[in-house]
Structures are given as structure tokens and as C-alpha cells.
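J.: the sequence and its predicted three-dimensional model are supplied below.
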Amino acid sequence: MSLKGFTIIDVLIGMILSSLVIGFGLTAYLHASKAINRRMSMMKEVNMLSELRYVLTTDMERATEIRKEDGLVKMIGNQHRVSYQNSNSFVLRLVNDHTDTLFQGNMNVEYFKDGESLVNLIEFRAGSWSFRYQKDYASVPLIAGYGH
């Protein structure tokens, strides 16, 4: 009676082929995982910038004047006082005793002043993203009188 089975060569070839298939599968999984993590990181950054953009736009619309004093950008309006503090890694929004961190990451902020000490343009740059916020002081009397 003769037993038929796999030779040692057959087993080695099977192991090599299985190892190659598993290696390709693992490599594909790792590349897909890295791509998903990069995408999630980018989406998180976009969401934080969108939140910053919305809050800053709202604060600028409410403010009757915007000044830069002591490293803070102060937005002052009727019953509305907000300060922003910026560093290279975050933007803080200070309202009364409450502080919000609106963005974490590398960001450049430039403030442009008109002839007075009022800030009329704020520009944020974070990586390839760039946002400009401009304050039109000609409409301030209209905003200040709105609702009275």
C-alpha cells in the first residue's frame, strides 16, 4: 500500500506562495490605513478652520471696533467684548471668564491697520489654507444702531 502525500518541496512552495499573498495583503492594508489617517487628519484641520472662520466672522460682524493691544486682538461692540490671542500653534478666544481653543496647528496671523489704531484686516494662513477677514468700518454706525 502506497501512501500519497505532499513532498517537502510542495510544502515549501505552498508556504512561499502563502507568505507572498499575506505580505501583499498586509502592505495594501498598511497603505490604505495611512491614506485614511491622512484624510481624517485633513478633515479635522478643515473642520477646526471652518469653526474658527465662522466664530471669527460672527465676532467681527458684531464688533464696532477691532484693536490690537498687548498681543491681543480685541473686538468691542455693544454688549460684546471678545479677545483673540494667537501663537504659532493655537488661537484662543477669550470671552469674559471663558476661553476656547479654536485651532491647534501651525498658523501665521497678520493684522493690517488703517490710519488709526483700528484693525481692518486679519489674515490667517495655515499650510495651504488662507482666509482673510475684513472689517468695513463704514457700516459700523448702521450696525450700532440696529435693534434700537
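T.: Cool, the structure landed. Numbering: from 1, shown residues only.
J.: which SS state does the residue nearest to the spatial centre of the chain fall under?
T.: Central residue of the chain (C-alpha atoms, centre = their mean): residue 45, 3.1 Å from the mean position. Secondary structure, DSSP: H, G, I helix; E, B strand; the rest coil: residue 45 is helix.
J.: please apply the same query to the one 3 residues further on.
T.: For residue 48, the secondary-structure state derived from three-state DSSP is helix.
J.: and if you look at the one 3 residues further on?
T.: Reduced to three states with three-state DSSP, the structure at residue 51 is helix.
J.: once you drop chain neighbours, what's closest to it?
T.: The shortest distance from residue 51 to any residue other than its chain neighbours is 6.2 Å, reached at residue 102 (C-beta to C-beta, 6 or more residues apart in numbering). From N, CA and C alone the C-beta is placed, and that goes for glycine too.
J.: list the residues that contact the closest residue to residue 49 other than its chain neighbours.
T.: Nearest non-adjacent residue to residue 49, counting by C-beta to C-beta, 6+ apart: residue 129, 5.8 Å away. Residue 129 makes contacts with 45, 46, 49, as judged by C-beta atoms under 8 Å, 6 or more residues apart in numbering.
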